[in-house]
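1. What follows is a predicted structure for the sequence shown.
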Amino acid sequence: MSNPFGKFETFGPVGDASTRKKIAENIYSTARSKTSHKTGLTNSETESFASSIDDILDNSTLKELCAKDNALAEKVTTEILDFVTNTKREMNTTSNPFDAERTKLNSFFKIESKGFSNSWREVSKFIKDNYSIRQLDYDFYAKQFSQSLDKKTRKSQQSFESVRDHLSEKWEGLIDAKQTQWELDIIDKSRKKVAQNMYKRLEELQELQELLEPFTNELGRLFDMSTGTWKNVNFELLKHYAELLKNDKALQELAEMLGRMQDAEKEIEEELFQNTRIKNEWKIEHASRSDLVGIKESDDLSSMLPSETALLADPSLQTVFMKKFVEKKLQTFEYEGRFRSSKEEEFLDKREKSKEIKGPFIICVDTSGSMHGTPETVAKSLCFAILKIALRENRKCYLISFSTGIRTLDLSDLKNSLDRIISFLSMSFHGGTDAAPALNEALKQLKEENYKKADVLMISDFVMEGLEETLNLQIDKAQQEDKTKFHSLVIGSSHNQEAISGFDNNWFYDANKGDTMISLVKGLRSL
């Protein structure tokens, strides 16, 4: 697996390789954390970037989204590392305003006492013009230099070199502080720009996620669609249809009812599982005397036959007895005790289980000119809602738009079809109405593996001629032989009754009647 931060860890402009690895890991870990703790990085190991990195990561939206998605956390980490790299390069290529002063300091640091007077005149003026007395006390150092060069007091005072070195060290510290502040100003300016851009996209991403859920959980992929605005997403369009569904509860409920219009089928599959059985068996206890089962040879004196005992009664046969005893060949009774025991043993078994399979959708949407306006809005809103339901329930969807011709969208992979869905929601409705090509395409798809058990829904005002007899027969065959359900959602009140006569269910929506949608939902519930 490739390291997403490998480029920075190998070629980054700050620290060594191990430090850069630590920087990347700490940023990623902090981005993934739900708490507001900092990265634990210091300005010294990050060359003044630690505070700005912590500031960028201190954003509730960033943490909320990154905590749910590793890919997004990687993208955010990469952008922060790019911020470090790009800002450091900017500092390295920008003319440093303190180079001339540092050159002046380096020259002064090397000066000897003989040429001091001329150099001091120039340096002292520069110090007076650029530093306050609290930063660099000119009078104090002038006095110290004077005493160190006075032959009368020189032995009792600090040497010229020690005064020069002390001033040089103090001056260098002030230059370092100014340069650090200059670098911090550049870093902060870059941080604000990066953070503003990132937060804007994260806020859009959060809102987009709410609008499209469950269209996609791949936040990292969406975040990387653009470095600025959402070039591939008509954000306002999606927001518009989401708002329609949010505000019109009946419309949303209708979509949910349509999403359940096909009864789930049951599919039987076989699964392995761990099972347990009881096994009964007889166990033998040789030490007990429950049952006499025979005679055997042994050295068990307590079980000897009487004939063996008789050997002991005759002194001449005692030797024979001892020999048999040592060789364990005495004739003895054999007893056997048995008891029944049971134990559990585990084994792999097979069983059948059923799971519910919800069929796919084939949606035919009338995009003719007569659908322009409210019918168009209703049709698109329902499609948007049904597509979300199809994805949530893992159901394939085939979208057919029709007027005088047809356009098709095979949305069997809904998660990766967002751009095509937006294209449909953006299209204008115009032209005449011819439903036959759409229904022929639906019948064709019903024979494909992905859509064999699909429900067909046609959304239209049905201001059209009746269907040809041949097409009606094909629909009837699919209904009878394949149990396919054909549903119509009739928008408006100008429909042709003949055009909807062949559908299993006809639902009606009239935008001019305020309670139509609610009545429609109630009707669906009764099916």
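-> Looks like it arrived, so ask away.
2. can you give me the helices for the stretch 351-500 of the chain?
-> For the stretch 351-500 of the chain, the helices defined by DSSP state H, counting those that start in this stretch cover 374-392, 418-426, 436-445, 469-481.
3. among these, which is nearest residue 506?
-> Nearest of those to residue 506, taken as C-beta to C-beta: helix 469-481 at 13.6 Å. Quick note: C-beta positions are derived from backbone N, CA and C, even for glycine.
4. Name the helix or strand for residue 334, please.
-> strand 330-357 (DSSP states H and E).
5. One more: residue 295?
-> Assigned by DSSP H and E, residue 295 belongs to strand 291-298.
6. Average pLDDT for that strand, rounded please.
-> Averaged across strand 291-298, the pLDDT comes to 74.
7. returning to what we had before: just give me the lowest mean pLDDT stretch among the helices of the stretch 351-500 of the chain.
-> The weakest mean pLDDT among the helices of the stretch 351-500 of the chain belongs to helix 418-426, with a mean of 72.
8. Give me the buried positions along that one.
-> Buried residues in helix 418-426, counted by 16 or more other C-beta atoms under 10 Å: 418, 421-422, 424-425.
9. what does stretch 444-454 give?
-> For stretch 444-454, burial by neighbour count (16+ other C-beta under 10 Å) applies to 445-446, 451, 454.
10. Same question for stretch 434-444.
-> For stretch 434-444, burial by neighbour count (16+ other C-beta under 10 Å) applies to 434-435, 438-439, 441-443.
11. Could you pull up the residues touching residue 332?
-> Shown in contact with residue 332 (C-beta atoms under 8 Å, 6 or more residues apart in numbering): 295-298, 300, 303-305, 308.
12. let's go with 10 Å and repeat that
-> Residues counted as contacts of residue 332 (C-beta atoms under 10 Å, 6 or more residues apart in numbering) are 295-305, 308.
13. what bridges to it?
-> Per DSSP bridges, the residues bridged to residue 332 are residue 296, residue 304.
14. how near is it to residue 310?
-> From residue 332 across to residue 310, the span is 14 Å (C-beta to C-beta, to the nearest Å).
15. nearest spatial neighbour of residue 328, skipping sequence neighbours?
-> In space, residue 328 comes closest to residue 299 once its chain neighbours are excluded; the distance is 4.2 Å by C-beta to C-beta, 6 or more residues apart in numbering.
16. Go ahead and confirm that neighbour touches residue 330.
-> Yes: contact criterion C-beta atoms under 10 Å: residue 299 and residue 330 qualify, at 6.1 Å.
17. Which parts of this structure are strands?
-> Remark: strands assigned in the chain by DSSP state E are 265-285, 291-298, 330-357, 361-366, 397-402, 406-410, 455-460, 486-491, 505-509.
18. least reliable of those going by mean pLDDT?
-> Sorting the strands of the chain by mean pLDDT places strand 265-285 lowest, at a mean of 56.
19. Need the pLDDT of residue 148.
-> Note for residue 148: predicted pLDDT of 82.
20. ok, now how distant is it from residue 163?
-> Noted for residue 148: a distance of 5 Å to residue 163, by C-beta to C-beta.
21. Give me the domain ranges for the protein.
-> Recorded structural domains for the chain (assignment: automatic domain parsing) are 1-233, 268-351, 358-525.
22. In this structure, which helix is the longest?
-> helix 160-212 (DSSP state H).
23. tell me the angle that helix makes with helix 418-426.
-> Here the directions of helix 160-212 and helix 418-426 differ by 60 degrees (axes from the mean of the first three to the mean of the last three C-alpha atoms, to 10 degrees).
24. Centre of the chain to helix 160-212, how far?
-> Between the centre of helix 160-212 and the centre of its chain there are 32 Å (C-alpha atoms, centre = their mean, to the nearest Å).
25. Out of the helices of the stretch 351-500 of the chain, the one nearest residue 174 is which?
-> Closest of those to residue 174 is helix 418-426, at 56.9 Å (criterion: C-beta to C-beta).
26. on that earlier part again, neighbour-wise, which of residue 299 and residue 330 wins?
-> More crowded of residue 299 and residue 330, by other C-beta atoms under 10 Å: residue 330, with 22 against 14.
27. Give me the contact list for stretch 26-35.
-> Against stretch 26-35 from outside (C-beta under 10 Å, 6+ apart): 4-5, 8, 36-41, 46, 50, 53-54, 56-60, 62-70, 72-81, 84.
28. Report the buried members of these.
-> Here, 16+ other C-beta under 10 Å leaves 4-5, 8, 39, 41, 46, 50, 53-54, 56-57, 59, 62-63, 65-66, 69, 72-81, 84 buried among those.
29. tally of neighbours for the nearest residue to residue 52 once chain neighbours are set aside?
-> Ranked by C-beta to C-beta, 6+ apart and with sequence neighbours excluded, the top spatial neighbour of residue 52 is residue 191, at 4.2 Å. Applying other C-beta under 10 Å, we find 20 residues neighbouring residue 191.
30. Tell me how far residue 191 lies from residue 76.
-> In terms of C-beta to C-beta, residue 191 sits 14 Å off from residue 76.
31. Which neighbours do these two have in common?
-> The contact sets of residue 191 and residue 76 overlap at residue 56 (C-beta under 10 Å, 6+ apart).
32. residues contacting the closest residue to residue 49 other than its chain neighbours?
-> Spatially, and ignoring its direct neighbours in sequence, residue 49 is nearest to residue 84 (5.3 Å; C-beta to C-beta, 6+ apart). Contacts for residue 84 (C-beta under 10 Å, 6+ apart) come out as 8, 12-14, 20, 23-24, 27, 46-47, 49, 52-53, 187, 190, 194.
33. Check those residues for burial and list the buried ones.
-> Buried by 16+ other C-beta under 10 Å: 8, 12, 14, 20, 23-24, 27, 46-47, 49, 52-53, 187, 190, 194, out of those.
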